[in-house]
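In: Okay, here's the prediction I keep looking at, along with the sequence it came from:
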Amino acid sequence: MTRYVALPLFLLLTVGGGALIGLSVETGGWYADLAKPVFNPPAWVFGPVWGTLYVLIGIAGWRVWRAGLAAPQKLWWAQLALNFVWPPIFFTAHLLGLGFLVILGLAAAIGAFIAATWRAERTAALLFLPYLAWVAYAALLNAALWWLN
């Protein structure tokens, strides 16, 4: 597979997978009724933020694949699996505590990916920095929702 065919496939996987999961979980009624912390963002923020992050995640995955970096590729797949499993746990199963554990694992996988790529594929590491910041914020939000409810 050429590198120019692989990039659209990585983007399709991340953006398309994220969109499918977002469409498959109910984020309205149950979530709307939860007690929220003061730092809970408005609902319209999540779509643009995640859309942008999924593009960055896809490009980073493509870059480590193209560079042939085995350990970062495994970390990339691990973070994607945790990313995709969190919404059904949190929004569908309403398991805020388990969701918090999953999102902590996601943050750890993102951090490990950044550390593993910092020297060999710096651009991929930099692409993950906004992702780590958002997931850290989301973990704090998840913890506050769990505490309040």
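Out: Happy to help now that I have it.
In: Low-confidence stretches in the chain?
Out: Scanning the chain with the threshold set as pLDDT under 70 gives 1.
In: try 80 this time
Out: Low-confidence segments of the chain (pLDDT under 80): 1-4, 26-28.
In: and the longest helix for it?
Out: Scanning the chain for the longest helix, with DSSP state H as the assignment, gives helix 122-148.
In: doesn't residue 71 make contact with residue 121?
Out: No: the criterion here is Cβ atoms under 8 Å, and residue 121 misses it with residue 71 at 11.2 Å. Every residue, glycine included, has its C-beta placed from N, CA and C.
In: More neighbours: the two, which one.
Out: residue 121 (19 against 13; other Cβ atoms under 10 Å).
In: roughly how far apart are that one and residue 77?
Out: Distance from residue 121 to residue 77, counting by Cβ to Cβ, to the nearest Å: 15 Å.
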